[in-house]
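Colleague: Let me see the structure of the following:
(2 chains)
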Amino acid sequence: MQENQKKCLELANRIYDLDAKVYECVGSSLGRTFTGNRENTVQNLCMLMLAKPNGHLLRSELALIGNMARTIQDKEARGQMLTEYDSILKEIEQLPDSFGKVDIVDLSRARLNPTAGKLSEKDHLVICISRTQGSAGNDIGFELADELHINYYDVEIFNQVLNRLEAEKGSVNDAEAEHFADFDKYRKRSFRLKTWLREFNRYHGLPRQDAVFFNMSDLICNLARTEDCVIMGRCADAILANNHIPHISLFISAPFSLRIQRTMASKNMELRQASRFLKQMDRQHKKYYDFYTGSRWGRPESYDLCINSANYGIRETIDLIERMIDQKRK
Amino acid sequence: MKKIITLLCIFCSVFFLCPVNVQAAESTQAAAVPVWLCIPFAGLLLCIALMPLVKGEWWEAHQPHVVILWVLAMAIPFAIVYGVGEMAETVLECTVNDYVTFIILLFGLFCVSGNITMEGDFAGSPRVNVGLLALGTFLASCIGTTGASMLMVRPVLKMNSWRKRKAHIMVFFIFMVSNMGGILTPIGDPPLLMGFMRGVPFFWSLHLFPVLLFNMIVLLFVFYHVDRRMYRRDIAEGRKPDISKPGTQFRIDGLHNLIFLVMIVVAVILSGVLPGLKIFQDSAGNVLGIPVFRDVRLSIPSVIEIVIILAAAGLSFKTTPKEIRTRNHFTWGAIKEVAVLFIGIFITMQPALMLLRQVGPNLGLDQPYQLFWATGALSSFLDNTPTYLVFLTTAGTIGFTSGISTSLGTVPVHLLSAISCGAVFMGANTYIGNAPNFMVKSISDENGVSMPSFFGYMLWSLAFLIPLFLLDTLIFFL
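Modeller: Numbering: from 1, shown residues only, chains lettered A, B, ... in the order given. Okay, the predicted model is just below:
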């Protein structure tokens, strides 16, 4: 299996290189077949090969490179590229189809799990926590970071950093910050042509929320690559998984009635007001997560571990997470 | 599964083509054109549809041979039935008068648009794509569906290069920019130019604006939601555009080529206007031309059109640095493929067109919805210009006294609208329905877009266009 993985990795690298060479030979500026960075693309290709060596997905990806290669003007270069293309195709056909038949392991995801103890020294401990409002997720995350002596990033901190970054680019002032509490993809906002045109230019034609998300994705990846940290929400788990950065994803929730009690106590709200607030927040979290990740917010299959904080309390939940991390790290 | 889908598609095509064949068969005796002479045309279409799926690389290498084979399969039996002279005349007629002007126009637009490149960091998002499609649709009526398609296809590809799922964008591009957009003026699409040459006022087609607007609104609404779905999936997979720079840079290089584009548009208009002028007619009112064989002649207006287009293409190449073409990934592959396949299509479809010309007027079609669907169904597979003319003639000979006066008779507005919309809109039903369809497919194929197969594309049109045309029928043509 190990040998086969190596072979797939080697082939994936060759495919990536071939695409780059073909694109260079063509001299086009219309975009190559694999526009992502090497690391992500190679990982994705590798997974595609491991999952289904003869799958149509891989074949159609390769065919696109072949199409472009055939348009190379220089005969010699074209011949070289197509020879390499044919050789890759043949080697892929020879890969055995013997993975994932018994175990339930999602190889691409399992590889990113730091508790599995397979990480290299340069990888950091990154804990992504999604939570329902009122389940004490923020408190758990904050204290966990404190005990592990690692940095803690939540929504407010992200907004501050993003605003600073944007301000450094000289294109935005702090008053224009997109706060998560205000975020609603479907919210109707008054239309002003001047603002619309300014945003259109500033965000390269993308909706403002999407541009904010893309910038934040970069920020989260940079953080996760450079330090140990706890990241609250912001689809960090999905972003890191897409970028093949090791992390642990947790979902913390609690029964609705207990969340109401806690919200009433912590925010001085009436029962109905707290109930409405929680429902609204859940709805917004769900919309945001579902929109940007394609996964389902709060569903167990979207996370490594789901915890009902009410069954343990804040202290015991933190201990539980710590034990899990420590035991695997020993 | 794939085989089942393919079989299903074949069944659907046969089902749609059957009424034509049956009607043709019924009138075979009167028309004296054997239906079996249409087999090579059907065979060529099936090859275009199936060969890329079955034996892709072989097909790419042997397209010209297959086309020659089917042309011979049509020409030899045709010669046996009608004589060698008649066969040569038919083949030369369609080659000289239809194919040459068709491919030169396509070539000119392909060259000129390939010399215009857009440099910028706009990111393709659903709303940007909706804007581009809307712009392209309106542009199509100003510079023709082919011109707009060639001009817009590369910017659209480039803006969406960060995305993985983009075939649907090009499919809707074909629906709207390569076809529907051409409905507003005779410059938009060749059938309307033919109508203009037969006496339909130049600006009459603007009456069809409500139909276009309705179709645009429906299609753009559907497209926005399809694209947003795909866009979300791309984001969910971690794809993102490069928006690291604070503002959007946008620059068009080779902009002077717009002058050559205008030259080509003028050439097309002249080809419609000049034949009506006395100076280009002999004493019998026939358009002057260079004799080729028997009655086949290359008309002087066509020669003028060809010269202007070739001059525009040549000047465009001369005045534009090669580097722009390289950045545009300009290759001859797309135009070569279209040139090879369409010479075969033009020649092998002649028996089908002869049948249509003989059978069409006897079909008893006099309702707008009948003409809309009949013109449309045939325009999906045959050249839409002769199809339009056949049904315009049919409507003109019915004997109406009020409506648009044409050289073919008076045609009521609602019938002319139905014929025009059928011919222009339903060219989008297949890759071969209109010339730019295949060009857009080929260019997309070369630039990292996994375009649907022939039948795969038809599934898209069945899913999105046919329901729209049914709505058009209910609202505008009943």
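
Colleague: how much space is there between the residue in the stretch 251-400 of chain B that chain A sits nearest to and B:Cys47?
Modeller: Residue nearest to chain A within the stretch 251-400 of chain B: B:His329 (3.2 Å; C-beta to the nearest C-beta). Where you see a C-beta, it was placed from the backbone N, CA and C, and this is true even at glycine. Going from B:His329 to B:Cys47 by C-beta to C-beta, to the nearest Å gives 27 Å.

Colleague: more crowded one of these two?
Modeller: Set side by side, B:His329 and B:Cys47 give different neighbour counts by other C-beta atoms under 10 Å in any protein chain shown, the larger being at B:His329 (25 against 20).

Colleague: excluding its backbone neighbours, what's nearest the more buried one?
Modeller: A:Ser28 (3.2 Å; C-beta to C-beta, 6 or more residues apart in numbering or on different chains).

Colleague: So that neighbour is in contact with B:Ile324, correct?
Modeller: No. Taking C-beta atoms under 8 Å as the definition, A:Ser28 is not a contact partner of B:Ile324, at 11.4 Å.

Colleague: SS state for the residue nearest to B:His329?
Modeller: Three-state call for A:Ser28 (DSSP: H, G, I helix; E, B strand; the rest coil): coil.

Colleague: quick one, phi psi at it?
Modeller: Backbone torsions for A:Ser28, taken as degrees, to the nearest 10, come to phi -70, psi 160.

Colleague: pLDDT value on it, please?
Modeller: pLDDT recorded at A:Ser28 is 78.

Colleague: Quick check: the gap between it and B:Lys158.
Modeller: Taking C-beta to C-beta, one finds A:Ser28 at 9 Å from B:Lys158.

Colleague: more crowded one of the two?
Modeller: A:Ser28 (27 against 24).

Colleague: And the more buried one, how close does it get to A:Leu18?
Modeller: 15 Å.

Colleague: Likewise for B:Thr406?
Modeller: B:Thr406 is 58 Å from A:Leu18, by C-beta to C-beta.

Colleague: Please say which of the two ends up with more neighbours.
Modeller: Higher neighbour count among B:Thr406 and A:Leu18: A:Leu18, with 23 against 20, using other C-beta under 10 Å.

Colleague: Looks to me like that one is in a helix.
Modeller: Yes. A:Leu18 sits within a helix when classified using three-state DSSP.

Colleague: Please identify which helix or strand holds the residue lying closest to it once chain neighbours are set aside.
Modeller: Once flanking residues are discounted, A:Leu18 sits nearest to A:Glu84: 5.4 Å by C-beta to C-beta, 6+ apart. Using DSSP states H and E, A:Glu84 sits in helix A:75-93.

Colleague: same deal with A:Ile231?
Modeller: A:Ile231 belongs to strand A:229-232 when assigned by DSSP H and E.

Colleague: contact partners of that strand?
Modeller: A:124-129, A:131, A:137-138, A:141-142, A:144-145, A:148, A:150-155, A:220, A:223-224 (C-beta atoms under 8 Å, 6 or more residues apart in numbering or on different chains).

Colleague: so of those, which ones are in strands?
Modeller: Judged by DSSP state E, the subset of the contacts of strand A:229-232 located in strands is A:Val126, A:Ile127, A:Cys128, A:Ile129, A:Arg131, A:Asn151, A:Tyr152, A:Tyr153.

Colleague: separation between the first one and chain B?
Modeller: Here the distance between A:Val126 and chain B works out to 16 Å (C-beta to the nearest C-beta, to the nearest Å).

Colleague: How about that residue: which residues does it bridge to?
Modeller: A:Val126 forms beta bridges with A:Cys229, as assigned by DSSP bridges.

Colleague: how much space between the residue lying closest to B:Arg327 once chain neighbours are set aside and A:Thr71?
Modeller: Among residues not flanking B:Arg327 along the chain, A:Ser29 sits closest, at 4.1 Å (C-beta to C-beta, 6+ apart). Shown here: A:Ser29 relative to A:Thr71, a distance of 14 Å by C-beta to C-beta.

Colleague: now B:Leu192
Modeller: With C-beta to C-beta as the criterion, B:Leu192 and A:Thr71 are 34 Å apart.

Colleague: more neighbours, the two?
Modeller: B:Leu192 (28 against 20).

Colleague: Quick check, pLDDT for the more buried one.
Modeller: On the pLDDT scale, B:Leu192 gets 88.

Colleague: Tell me, how many residues neighbour the closest residue to A:Asn44 other than its chain neighbours?
Modeller: With C-beta to C-beta, 6+ apart as the criterion, A:Asn44 has its nearest non-adjacent residue at 7.5 Å, and that residue is A:Gly36. Using other C-beta under 10 Å, A:Gly36 has 19 other residues around it.

Colleague: Please apply the same query to A:Asn268.
Modeller: 9.

Colleague: do the one 5 residues further on as well
Modeller: Taking other C-beta under 10 Å as the neighbour definition, A:Gln273 ends up with a count of 14.

Colleague: before we move on, which element is B:Pro291 in?
Modeller: Counting by DSSP H and E, B:Pro291 is found in strand B:289-293.

Colleague: how about stretch B:225-235: buried residues?
Modeller: Under the neighbour-count criterion of 16 or more other C-beta atoms under 10 Å in any protein chain shown, stretch B:225-235 has B:Val226, B:Asp227, B:Arg228, B:Met230, B:Tyr231, B:Arg232, B:Asp234, B:Ile235 buried.

Colleague: can you check stretch B:268-277 too?
Modeller: Buried-residue list, stretch B:268-277, by 16+ other C-beta under 10 Å: B:Val268, B:Ile269, B:Leu270, B:Ser271, B:Gly272, B:Val273, B:Leu274, B:Pro275.

Colleague: likewise stretch B:205-223?
Modeller: Across stretch B:205-223, burial judged by 16+ other C-beta under 10 Å covers B:Ser205, B:Leu208, B:Val211, B:Leu212, B:Asn215, B:Met216, B:Leu219, B:Leu220, B:Val222, B:Phe223.

Colleague: Double-check the second one against B:Cys421; I have them as touching.
Modeller: Yes. When contacts are counted by C-beta under 8 Å, B:Leu208 is listed as touching B:Cys421 (6.5 Å).

Colleague: so what sits against both of the two?
Modeller: By C-beta under 8 Å, 6+ apart, the residues touching both B:Leu208 and B:Cys421 are B:Ile183.

Colleague: Residue 201 - nearest residue in space that isn't next to it in sequence?
Modeller: Going with chain A. Per C-beta to C-beta, 6+ apart, closest to A:Asn201 is B:Thr248, 4.9 Å.

Colleague: wait, I meant chain B there
Modeller: Leaving aside its sequence neighbours, B:Pro201 sits nearest to B:Ile404 (C-beta to C-beta, 6+ apart; 7.3 Å).

Colleague: from memory the one you found sits against B:Leu415, does it?
Modeller: No. Using C-beta under 8 Å, B:Ile404 is not in contact with B:Leu415; the gap is 9.2 Å.

Colleague: And A:Ser28, how far from B:Ile264?
Modeller: For A:Ser28, the distance to B:Ile264 (C-beta to C-beta) stands at 24 Å.

Colleague: per-residue confidence at A:Ile129?
Modeller: 92.

Colleague: Mind exporting the C-alpha coordinates of the helix or strand just after the strand holding A:Ile231 to CSV?
Modeller: Scanning forward in sequence from strand A:229-232 by DSSP H and E, the next helix or strand is helix A:236-242. The C-alpha coordinates for helix A:236-242 follow below in CSV (Å, rounded to 0.1, in the frame of the first residue of the first chain):
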residue,chain,number,x,y,z
ALA,A,236,-11.6,26.8,9.3
ASP,A,237,-11.9,23.0,9.3
ALA,A,238,-13.1,22.9,5.7
ILE,A,239,-10.6,25.5,4.6
LEU,A,240,-7.7,23.6,6.2
ALA,A,241,-8.9,20.2,4.8
ASN,A,242,-9.0,21.7,1.3
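
Colleague: Now do helix A:236-242: everything it contacts.
Modeller: A:40, A:109, A:112, A:126, A:128, A:130, A:217, A:220-221, A:224, A:246-247, A:249, A:289, A:292-295, A:302-303, B:236-238.
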